[in-house]
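# Could you work out the structure for the sequence below:
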Amino acid sequence: MEKITSTVRFPSSPSSEIAMNKPTFFVGIDIASASFTASIGQVIGEKWMIIARPNEFTNTYDGFPSFLHWLGEHGANQQNAILCMEATGVYAEALAHFLVANRYPVSIEPPLQVRRAFKPARSKSDPVDSTQIAEYAYRFYDQLSLWAPRAEIVEQIKVLLVTREEFVSDMTGHKNALTALSRKVIRTPLAEALHEQAIIQLKTHIHTLEEEIERLIRKDPDMGATASLLRSIPGVGMLLSAFMTVIFASSPRALMFRSLSAYIGICPYEDSSGSSRHKPSTSRHYGPPGARKLLFLAALSLSTHHPVFHAYYQRKVSLGKSKRLVINNIANKLLKIMCAVVRSQTPFIPSYRSIHPTLLTIP
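Numbers count the residues shown, from 1 in each chain. As a prediction, the model looks like this:
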C-alpha cells in the first residue's frame, strides 16, 4: 500500500514512539460531539479485514464502559490492540483520557494526515471514516505515537494563554468599533460608553490572566526554571516564555530546533518543480498562532533595538532580501537560541560566539 509523507507535529501531550510488538487488532474511532463510531480491523493470514463492523457509542463517561465491553467481546484488550482517532479538540479529550486511564494504547492523528492516506471516497460518513482510521493505524503503525495526557498545570497554562489571546482579539474589536463610532456625524453616546466599558473590563481580565499565568509557572520548579532561562534571552518576555515553556513541557522533541521551527510554522520550505517554476522559499504558517505571532514581534523588536540583529537586518536588506524574510530568519535564530539555552540549562551569554567544529585544534 502507498505510504504518505509524514509531517512534523508535536502531540498535544508527552508521547513516545510505540515500542511494543505490532498488535493484533487496530481500532479506528471517528469522534463526533455527542457520539463516536468505532471499527475493529485485523490481519488474518495476509489479508486485512474489518472483523467488527462500525458501531456507535455515546460520547459520555456513561457510554465509555459499553465501548470497552464491545472491544472485549471481539478479543481486543490493552495488550493486543491499538486505538486510533483523529484530533478533534475537546470532542476526543474525554474518551482519550478514559482509555489511557484504563491502560489502552491510544494514538491521536491529524485529520489531514489520515485523509491523505486514502483516495477520495464516493461517500463520507462516520462508519466509513472509522474503518479508514482503523486501516490507517494498520498501514502506518510504525509512524504512530502514543498519546498521554498533559500535566494538569501545563493544560491550565495553555488554556489561560488561549483565553488571553481571545480577550485581546475581543478588545481590538471593541477599539476598532469605538474608533468608527467616534468618526460618525451622528454620535451615539450609549454605544460608545458600552464599548469603553468593555475595553476597560477586558484590560482587567487580561491583567488577571497574566498574573495567574506567572503564578502557575512559578509554582512548578521545572517550568519556572525553563521560563527564567528563556527570559534571559533578549527579546523574550513573559508571554513568549510562557508559550515556549508549555511547548517544551509538552514534548521532549520540542528541543530539536528544526522540528520545532516546522511545528510553529516559521521553517522555510522550497517551492519549485521543473524548469518553469521558480518560487521563493516560504513557511507554511501551520502550528500554534500565538507562539508564531509573539516570535514575529520579538524578531521585529530585535531587528530594531538589538545591535547584532539590527546589523544583520540592515545587511540582508541591503543585499535585496525581503524584509519579511529577514524577520523570519531572525525569528528562527531566536528559536535556535531558546532551544540551546533550555537544552544546556545555561542562561543566555551575550558575548557567546559559536565555533565551527572544523576550527577546533585537536592535540
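
# pretty sure Arg139 contacts Ala117?
Yes. Applying C-beta atoms under 8 Å as the test, Arg139 and Ala117 come out as touching, 6.8 Å apart. Where C-beta positions appear, they are placed from N, C-alpha and C, glycine not excepted.

# okay, now the domains of the protein?
Using automatic domain parsing, the domain ranges for the chain come out as 25-143, 152-219, 248-344.

# how many other residues sit next to Phe140?
Counted with other C-beta atoms under 10 Å, the burial measure for Phe140 works out to 19 neighbours.

# I'd assumed Pro110 was in contact with it.
No. Contact status for Phe140 versus Pro110: not in contact, 11.9 Å apart, counting by C-beta under 8 Å.

# Mind listing the shared neighbours of the two?
With contacts defined as C-beta atoms under 8 Å, 6 or more residues apart in numbering, no residue is adjacent to both Phe140 and Pro110.

# Same question for Pro324, what's its three-state structure.
If you look again at residue 324, you'll see it is Arg, not Pro. Assigned with DSSP: H, G, I helix; E, B strand; the rest coil, Arg324 falls in the helix class.

# Next one, pLDDT for it please.
Predicted confidence (pLDDT) at Arg324: the value is 91.

# repeat for Phe257
84.

# cool, Leu216 as well?
Each residue has a pLDDT score; the one for Leu216 is 94.

# For it, give its distance to Lys321.
Leu216 sits 40 Å away from Lys321, taking C-beta to C-beta, to the nearest Å as the criterion.

# more crowded one of these two?
Higher neighbour count among Leu216 and Lys321: Leu216, with 18 against 14, using other C-beta under 10 Å.

# What is the helix or strand encompassing Ser241 packed up against?
Using DSSP states H and E, the secondary-structure element containing Ser241 is helix 238-250. Other helices and strands packing on helix 238-250, by 3 or more C-beta pairs under 8 Å, 6 or more residues apart in numbering; DSSP states H and E, are helix 152-182, helix 189-219, helix 221-231, helix 257-264, helix 289-305.

# what's the third one in contact with?
By that I understand helix 221-231. 153-154, 157, 216-218, 236-238, 240-242, 244-245, 248-249, 338, 341-342, 345-348.

# where does the protein have low pLDDT?
Counting by pLDDT under 70, the ranges of the chain that qualify are 1-21, 121-122, 252, 269-285, 354-363.

# Scan it for its longest strand.
Longest strand of the chain, by residue count under DSSP state E: strand 47-58.

# Using CSV, write out the CA atom coordinates for it.
C-alpha atoms of strand 47-58 as CSV (Å, rounded to 0.1, in the frame of the first residue of the first chain):
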residue,chain,number,x,y,z
LYS,A,47,-5.4,-10.3,4.3
TRP,A,48,-6.5,-7.1,6.1
MET,A,49,-10.2,-7.1,7.0
ILE,A,50,-12.7,-5.4,9.3
ILE,A,51,-13.8,-8.0,11.8
ALA,A,52,-16.2,-5.8,13.8
ARG,A,53,-18.4,-3.5,11.7
PRO,A,54,-18.8,0.1,12.7
ASN,A,55,-20.7,0.5,16.0
GLU,A,56,-21.9,3.8,17.5
PHE,A,57,-21.4,4.8,21.2
THR,A,58,-22.4,7.7,23.3
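
# ok, that strand: who's next to it in the sheet?
Using DSSP bridges, the neighbouring strands of strand 47-58 in the sheet come out as strand 35-44 (antiparallel).

# so how far is the partner strand from its chain's centroid?
27 Å (C-alpha atoms, centre = their mean, to the nearest Å).

# Pull out the buried positions in that strand.
Buried positions in strand 35-44, judged by neighbour count with 16 or more other C-beta atoms under 10 Å: 36-42.

# Leu325: which of the residues you listed is nearest?
Taking C-beta to C-beta as the measure, Leu325 lies nearest Phe36 of the buried residues of strand 35-44, at 44.1 Å.

# burial of the residue nearest to that closest one when sequence neighbours are not counted, as a residue count?
For Phe36, the nearest residue in space outside its immediate sequence neighbours is Asn59; the separation is 5.0 Å by C-beta to C-beta, 6 or more residues apart in numbering. Asn59 is surrounded by 19 other residues when neighbours are defined as other C-beta under 10 Å.

# Same check on Ile82?
With neighbours defined by other C-beta under 10 Å, the count for Ile82 comes to 23.

# ok, back up a step: direction-wise, compare the helix holding Ser241 with helix 189-219 and give the angle.
The directions of helix 238-250 and helix 189-219 differ by 50 degrees, with axes from the mean of the first three to the mean of the last three C-alpha atoms, to 10 degrees as the criterion.

# Return the alpha-carbon coordinates of helix 238-250 using PDB.
Output for helix 238-250, consisting of C-alpha atoms alone and laid out as PDB, is shown next (Å, rounded to 0.1, in the frame of the first residue of the first chain):
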ATOM      1  CA  MET A 238       6.700  36.900  29.900                       C
ATOM      2  CA  LEU A 239       4.200  35.800  27.200                       C
ATOM      3  CA  LEU A 240       6.700  34.300  24.800                       C
ATOM      4  CA  SER A 241       8.500  32.500  27.500                       C
ATOM      5  CA  ALA A 242       5.200  31.100  28.800                       C
ATOM      6  CA  PHE A 243       4.200  29.900  25.300                       C
ATOM      7  CA  MET A 244       7.600  28.200  24.800                       C
ATOM      8  CA  THR A 245       7.600  26.700  28.300                       C
ATOM      9  CA  VAL A 246       4.300  25.000  27.500                       C
ATOM     10  CA  ILE A 247       5.700  23.700  24.200                       C
ATOM     11  CA  PHE A 248       8.900  22.400  25.800                       C
ATOM     12  CA  ALA A 249       6.900  20.800  28.600                       C
ATOM     13  CA  SER A 250       4.500  19.100  26.100                       C
END
